[in-house]
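K.L.:
need coordinates for the following:
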Amino acid sequence: RDLHSFPTRRSSDLEGRDATNELTWLCLDLQEKYQREAPNLTVRFFSGSPPRLMQRCVEVIATGCGLPALYNDEVMVPALCDLGIPLEDARNYAMNGCNQVDIQGLSHMGLEDGELNLAKCLELALHGGLSPITGRQAGAKTLPAEEIHDFDTLKAQVWAQIRHATALLTRKANVFQQAIAESAPHLFRSLFLGQCVERGLDMKRGGCLYNHGQFLTEGIANTGDSLYTIKRLVFEEGRYSLPELVALLDADWEGHAELLAEVTERFPKYGNDVQEVDALAAEAVECFFRALNTHQTWRGGTYSGGLSVFVRAPEYGRDLAAGADGRRKGQLVADSCGPSAGRDRTGPTAMLLSAARLPHRLATSGFCLNMKFSPTVFSGDRDAGVAKVGELFGTYFRLGGQQLMVNVVDVATLRAAQADPDSYRNLVVRVGGFCARFVTLDPALQEDIIARTTHTT
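P.N.:
Residues are numbered from 1 along each chain as shown. Model (predicted):
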């Protein structure tokens with residue numbers, strides 16, 4: 001995956017001035033012409049970026065190639081500074097692999113030290129730390145459902161599970177870091193990192209100037225939606241006790257089709273500009289990211305968080321029982337920091353408003369958001385479509401959104417590609433931090449991409 005990295009086109013130079021140049025336009029022209037899924041082209045924006053840059057990026061994205069990915073320096077750079085990285089070095093960040101962040105020539109930031117499914121932490125909190133899948137103690141021993149009598153107490157149990165998992169995962173990551181450093185040194189790469197040479201230390205042993213770690217997360221929307229549903233059904237309306245609702249979920253909603261339809265179709269969901277739901281999702285993310293900041297890497301840095309869904313949404317879903325958000329047992333978790341597939345029903349503006357409420361500045365490993373537009377948005381008056389979408393993206397960045405990845409494709413085309421792969425070998429889609437030929441993806445990932453809301457306006 002490192003070979004798929006591409007030198008990021010910076011929005012500003014090390015002094016904070018606009019760095020858009022001839023190479024910027026050339027890279028975009030080549031992507032538009034050749035429609036490659038790799039290298040992973042990224043364009044960074046800041047308040048001083050020329051308006052034409054966003055317009056040109058949207059024009060290229062509108063061709064359906066899934067690139068470039070868009071980043072917001074107004075969030076990313078301060079997030080890195082919060083880790084203690086000086087401003088000049090923070091401005092020199094680049095993507096490594098999919099969307100993980102490194103400081104060019106100065107860091108080894110872990111990339112993927114581990115990952116936590118927030119929806120699993122909620123599931124464990126509902127069972128006192130026991131996994132309903134295995135029946136074993138998989139989390140911290142917290143209160144059983146019978147002893148949780150108010151919503152604040154429930155949230156406290158979830159946050160306790162998140163903090164427990166964070167401590168456990170960072171300890172395991174440090175053991176792994178030490179094992180790799182002692183058994184598999186990276187001599188060649190270390191020779192190109194000045195501090196490693198000066199210190200006489202391999203990059204895996206803390207030889208770099210910045211040796212932070214990066215954990216990723218999943219299940220953000222599932223967690224927010226589930227917490228809202230529990231709050232409403234149990235603690236506000238009193239329609240079920242918490243043990244009754246837990247038993248219902250353990251039975252995978254069997255015998256409760258009417259309630260499942262009500263929860264799925266009529267309860268507010270993250271991604272629709274409902275502040276109460278969005279705030280619950282944001283609280284869960286903030287709990288995890290702040291917990292990470294309290295742990296140090298074996299290499300000598302600080303852990304922080306991010307989100308790169310990559311190909312793991314089906315895998316994480318298979319390890320989950322049914323959820324209070326309407327998920328059935330084994331179904332995949334929500335994509336990126338966006339809503340669960342198809343649950344955002346009030347348009348792209350509302351979806352972006354919800355996503356912007358998450359704590360993007362706490363994420364230093366990239367905080368991905370996938371969007372999917374129909375090609376009809378750019379048909380007819382293409383320039384008007386490009387301008388409208390460009391302003392939408394710019395507004396999201398001004399609200400504090402960190403990153404955007406965009407597909408422009410319709411469901412009919414994706415279904416046709418499934419039915420006749422040979423005729424669609426060149427169909428490129430954005431998956432989760434990277435692009436790929438659609439027909440080469442696992443069927444579960446294909447269905448995930450198809451299920452994402454297709455915005456038509």
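
K.L.:
helices and strands of the protein: which one bottoms out on pLDDT?
P.N.:
When each helix and strand of the chain is scored by mean pLDDT, DSSP states H and E, helix 313-318 comes last, with a mean of 82.

K.L.:
now what about it, what contacts it?
P.N.:
For helix 313-318, contacts defined as CB atoms under 8 Å, 6 or more residues apart in numbering pick out 117, 119-120, 218-219, 327, 330-335, 432, 442, 444-445, 448. Yep, even glycine has a C-beta here, placed from its N, CA and C like the rest.

K.L.:
the same query, at a cut-off of 10 Å, please.
P.N.:
Contact partners of helix 313-318, identified using CB atoms under 10 Å, 6 or more residues apart in numbering, comprise 115-117, 119-120, 133, 218-219, 222, 309, 323, 327-336, 341, 431-432, 442-445, 447-448.

K.L.:
filter those to the buried ones?
P.N.:
By neighbour count, with 16 or more other CB atoms under 10 Å, the contacts of helix 313-318 hold 115-117, 119-120, 133, 218-219, 222, 309, 323, 327-329, 331-336, 341, 431-432, 445, 448 as buried.

K.L.:
which of the residues you listed fall within helices?
P.N.:
The members of the buried ones among the contacts of helix 313-318 that map onto helices under DSSP state H are 119-120, 222, 445, 448.

K.L.:
does residue 192 count as helix, strand or coil?
P.N.:
What DSSP: H, G, I helix; E, B strand; the rest coil gives for residue 192 is coil.

K.L.:
tell me the two of the ones in helices among the buried ones among the contacts of helix 313-318 that are most distant?
P.N.:
The most widely separated members of those are 120 and 445, with 20.0 Å between them, by CB to CB.

K.L.:
excluding its backbone neighbours, what's nearest residue 348?
P.N.:
Leaving aside its sequence neighbours, residue 348 sits nearest to residue 455 (CB to CB, 6 or more residues apart in numbering; 4.4 Å).

K.L.:
just confirm that neighbour contacts residue 372, I think it does.
P.N.:
Yes: using CB atoms under 10 Å, residue 455 is in contact with residue 372, at 6.7 Å.

K.L.:
higher neighbour count, these two?
P.N.:
Set residue 455 next to residue 372 and count neighbours by other CB atoms under 10 Å: residue 372 wins out with 25 against 19.

K.L.:
now the strands for the stretch 351-457 of the chain?
P.N.:
For the stretch 351-457 of the chain, strands defined by DSSP state E, counting those that start in this stretch occupy the ranges 363-367, 370-373, 403-408, 428-430, 435-437, 454-455.

K.L.:
most tightly packed of these?
P.N.:
Of these, the one with the most neighbours on average (mean count of other CB atoms under 10 Å) is strand 363-367, at a mean of 29.

K.L.:
for that one, which strands pair with it and how are they oriented?
P.N.:
strand 303-307 (parallel) (DSSP bridges).

K.L.:
mind listing what residue 193 touches?
P.N.:
If you count contacts by CB under 10 Å, 6+ apart, residue 193 has them with 104-108, 186, 199, 201-203, 207-209.

K.L.:
highest neighbour count among these?
P.N.:
Busiest of the contacts of residue 193 [other CB under 10 Å] is residue 108, holding 29 neighbours.

K.L.:
quick check: that one touching residue 203?
P.N.:
Yes: counting by CB under 10 Å, residue 108 does reach residue 203; the two are 4.6 Å apart.
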